[in-house]
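1. For reference, the sequence and a predicted model appear below.
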Amino acid sequence: MEINDLTPAERRVWDAFPRGDAVDFRHEPGDSSVDGAGWGPERTVRAEVLRALLLGAGPAEEGQVAGIKVKGARIVGKLDLRYAVVDHPVRLRDCWFERKPLLYGAQLKALVLGYSTLPGLTAATLRVDVVLRLSCCRITGPVRLQGARISGGLFLQGAVIGPPSGEEAGEAALQLNHAEIGTDIIANDLTVHGQLRLNGATVGGQVQLDRARLLNPGGIALHAETLGVGTDLRAHRLHARGMVNLTGSRIPGQANLTRADLGNPGATALRASSCAIGELWLRRCPPIQGDVNLRRSTVDLLHIDPEAWPERIAIDGLTYRTLAPHLPAEQRLPALDREESGYLPYAYEQLAAAYRTVGDEAAARTVQLAKLRRHRRTRPRHARLWGLLQDTTVGYGFRPLRAAGWLAALLVTGTIAYGLQPPRPLKQGEAPDFNPAFYTIDLMLPIIGFGQEQAFAPSGWYQWLSYLLIVTGWVLATTTAAGVSRSLQRQ
């Protein structure tokens, strides 16, 4: 390109390029690139001029680091750098682009487009040595960064992307699937109208989505299957409309969704099945609108308030070591009845194990008792009756003091009844002195003998009382022995 073909605005950029100097076309520091369509020729730069500079047509100056550093320009035409190898940093801040830049397969040192307005960005398989900044951009079309390799970080904080329209309406608004990010993805306050796709991506550091708004009602808002993160996924106060899908992700630190507002009514709002997560935080979240699927996931710490659970959950195979906050078992148990598969013994065992981990044996026993009561509802009628009897008498062995209470009540009843009307001795002169208390104990406890039962024979309704004491004693002894056996097995 001949320098004589340049406009005054383009000449400023051309002359500043060898030294990497900044060229600021803004009238005021607060100028917004959203208004760039109306900027005049004094702020207009052709994309082909930028391309020529980056591909070596521009002047060089020894001892200087050449590069483009432009603010507030109206860039017209197509910035086509497909498959190009660019050895200079590209910084086009606060600029307005007439057409979407084409960077497919390009190799760049650094690319900064912060606060700019673009109709889209096509940069699949892009290679960036330092950093890619799209902070506070307004991008109306899809951002295609699938398969990109960025050695440094990707910055998207405050950006607004989508929704794609026209022929691009079916595409994900922000495509980072199978991308490799060397350090972090910083996307706090990001707004995406459509799908944010991160499935198969690898991030060396953390992904930050604090206060992000992911809006794809009825679809997938965050598609992050098999996402690999070096440390944390932070999404404080995330606002998602559509499914948040983390299936198969590996997050060794925190997946922190504290105060997140998740909603996908009538479908799945959060799917984090088959994940390996250090800590999953759903702390102080409003009730999740839609189903939650945590099947087969492994979590070291699960932090969720009981009121955050939706009406339907899927937790078959979910394994966690610690459950927070520590609450009475009665507040945790209702969630287990929301399992979409119905009665799930493993869920009760897992909850009981979590209570034992923190040393709360009483809560663990409450969970085990709730499990047996829930299991009773799945059994035939005769088995349900026997289970109800065990529950009423000794709480399936988890409430042994109930047996002592029943025995004490029966002992008092028998002692009073037989004290008022002693039974006749079977052999006059050979029977020991009658004792109503020990006679009642002889009837109730078959394994103990004081010689009273064999020496005396009641009659009338006292005989029926003796039958009741004998049967009740056998039931209490059997259920207590079953409870002790179950307790020993747990130990």
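-> Arrived safely.
2. What is the helix or strand hosting Thr322 packed up against?
-> Here Thr322, judged by DSSP states H and E, is contained in strand 319-324. Helices and strands touching strand 319-324, by 3 or more Cβ pairs under 8 Å, 6 or more residues apart in numbering; DSSP states H and E, are strand 298-304, helix 345-357. No exception for glycine: its C-beta is placed from N, CA and C like everyone else's.
3. Tabulate these (a markdown table), appending mean pLDDT and distance to Pro436.
-> Below are these laid out as a markdown table (pLDDT from 0 to 100; distance: least, Cβ to Cβ, whole Å):
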| stretch | mean pLDDT | distance to Pro436 |
| --- | --- | --- |
| strand 298-304 | 97 | 57 |
| helix 345-357 | 94 | 43 |
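4. Adding distance to Leu132 and mean neighbour count, write the ones you listed out as JSON lines.
-> Converted to JSON lines, the helices and strands packed on strand 319-324 look like this (distance: least, Cβ to Cβ, whole Å; neighbours: other Cβ atoms under 10 Å):
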{"stretch": "strand 298-304", "distance to Leu132": "32", "mean neighbour count": "19"}
{"stretch": "helix 345-357", "distance to Leu132": "42", "mean neighbour count": "18"}
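5. how about CSV for the ones you listed, with distance to Ala124 added?
-> Supplementary listing: the helices and strands packed on strand 319-324 in CSV, determined by distance: least, Cβ to Cβ, whole Å:
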stretch, distance to Ala124
strand 298-304, 33
helix 345-357, 42
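6. For Ser165, which of those is the nearest?
-> For these, proximity to Ser165 was assessed by Cβ to Cβ; strand 298-304 is nearest, at 38.0 Å.
7. then the closest one to CSV, C-alphas only?
-> Output of strand 298-304 as CSV, limited to C-alpha atoms (Å, rounded to 0.1, in the frame of the first residue of the first chain):
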residue,chain,number,x,y,z
THR,A,298,-17.6,-36.9,43.8
VAL,A,299,-17.4,-33.8,46.0
ASP,A,300,-15.2,-33.4,49.1
LEU,A,301,-17.4,-30.6,50.6
LEU,A,302,-21.0,-30.0,49.5
HIS,A,303,-22.3,-26.7,50.9
ILE,A,304,-26.0,-26.2,50.2
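8. and that strand, what does it pack onto?
-> strand 276-282, strand 319-324.
9. quick check: angle from the longest one to strand 298-304?
-> Translated: strand 276-282. 0 degrees (axes from the mean of the first three to the mean of the last three Cα atoms, to 10 degrees).
10. quick one: buried residues of strand 276-282?
-> By 16 or more other Cβ atoms under 10 Å, the buried positions in strand 276-282 come out as 277-282.
11. farthest pair in those?
-> Gly278 and Leu282 (14.4 Å).
12. Tell me the gap between stretch 412-427 and the middle of its chain.
-> Taking Cα atoms, centre = their mean, to the nearest Å, the mean C-alpha location of stretch 412-427 is offset from the chain mean by 66 Å.
13. same question, stretch 461-481
-> On the basis of Cα atoms, centre = their mean, stretch 461-481 sits 53 Å off its chain's mean C-alpha point.
14. Please work out the average pLDDT along that stretch.
-> In this model, stretch 461-481 carries a mean pLDDT of 77.
15. Ok, stretch 20-27 next?
-> 94.
16. Pull out the buried residues from it.
-> Residues of stretch 20-27 classed as buried by neighbour count (16+ other Cβ under 10 Å): 20, 23, 25-26.
17. Could you tell me which ranges of the chain sit under the pLDDT cut-off?
-> 1-3, 58, 386, 389-404, 429, 446-447, 477-491 (pLDDT under 70).
18. And the helices in it?
-> Taking DSSP state H to define them, one finds helices in the chain at 8-16, 47-54, 329-336, 345-357, 361-376, 381-394, 400-420, 436-444, 461-490.
19. can you tell which of these is closest to Trp96?
-> helix 47-54 (11.9 Å).
20. quick check, nearest of the buried residues of stretch 20-27 to Gly153?
-> Nearest to Gly153 among those, with distances taken as Cβ to Cβ, is Gly20, at 21.1 Å.
21. Contacts only, for the closest residue to that closest one other than its chain neighbours.
-> Sequence neighbours aside, Gly67 is the residue nearest to Gly20 in space, at 4.0 Å (criterion: Cβ to Cβ, 6 or more residues apart in numbering). Contact analysis of Gly67 by Cβ atoms under 8 Å, 6 or more residues apart in numbering lists 17, 20, 88-91, 109.
22. For Arg321, find the nearest of the helices of the chain.
-> helix 345-357 (6.0 Å).
23. What separation is there between Asn199 and Leu222?
-> Taking Cβ to Cβ, to the nearest Å as the measure, Asn199 falls 10 Å from Leu222.
24. which residues do these two both contact?
-> Counting by Cβ under 8 Å, 6+ apart, the common neighbours of Asn199 and Leu222 are Asn245.
25. The two: who's more crowded?
-> More neighbours surround Leu222 than the other of Asn199 and Leu222, with 27 against 22 (other Cβ atoms under 10 Å).
26. hang on, that one packs against Val244?
-> Yes: at 4.6 Å, Leu222 counts as touching Val244 under the criterion of Cβ atoms under 8 Å.
27. Spell out which residues are contacts of both of these two.
-> With Cβ under 8 Å, 6+ apart, Leu222 and Val244 have common neighbours Leu214.
28. if we can go back for a sec, going by distance to Pro59, which of the contacts of Gly67 wins?
-> Nearest to Pro59 out of those is Phe17 (Cβ to Cβ; 7.2 Å).
29. List the contacts of Thr319.
-> 297-299, 350.
30. If we use 10 Å, what do you get?
-> Going by Cβ atoms under 10 Å, 6 or more residues apart in numbering, Thr319 touches 294, 296-300, 302, 346, 350, 353-354.
31. And Arg74, by the same measure?
-> Taking Cβ under 10 Å, 6+ apart, we find Arg74 in contact with 9, 25, 33, 35-46, 95-98, 117.
32. again, 7 Å this time
-> Neighbouring residues of Arg74 by Cβ atoms under 7 Å, 6 or more residues apart in numbering: 36, 39, 43-44, 96.
33. Same check on Ile139?
-> Shown in contact with Ile139 (Cβ under 7 Å, 6+ apart): 118, 120-121, 159, 161.
34. rerun that using 10 Å as the cut-off
-> For Ile139, the contact set (Cβ under 10 Å, 6+ apart) comprises 97, 100, 113, 116-121, 156, 159-162, 164, 173-174, 192.
35. If we ignore the residues flanking it in sequence, what's nearest Met243?
-> Ile220 (4.7 Å).
36. ok, now which ones touch that neighbour?
-> Taking Cβ under 10 Å, 6+ apart, we find Ile220 in contact with 172, 194-197, 199, 214, 240, 242-245, 264, 267-268, 271.
37. Distance of it relative to Gly147?
-> As judged by Cβ to Cβ, Ile220 and Gly147 stand 20 Å apart.
38. which one of the contacts of Thr319 sits closest to Gly205?
-> Using Cβ to Cβ, those come closest to Gly205 at Asp300, 19.9 Å.
39. List the residues that contact that closest one.
-> Under the criterion of Cβ under 10 Å, 6+ apart, the neighbours of Asp300 are 252, 276-280, 319-322.
40. please redo it, this time with the cut-off set to 7 Å
-> Residues near Asp300 by Cβ under 7 Å, 6+ apart: 278-279, 321-322.
41. In terms of distance to Ala362, which of those ranks first?
-> Thr322 (17.5 Å).
42. Skipping its backbone neighbours, what lies nearest the closest one in space?
-> Distance criterion Cβ to Cβ, 6+ apart; nearest residue to Thr322, sequence neighbours excluded, is Leu301 at 4.8 Å.
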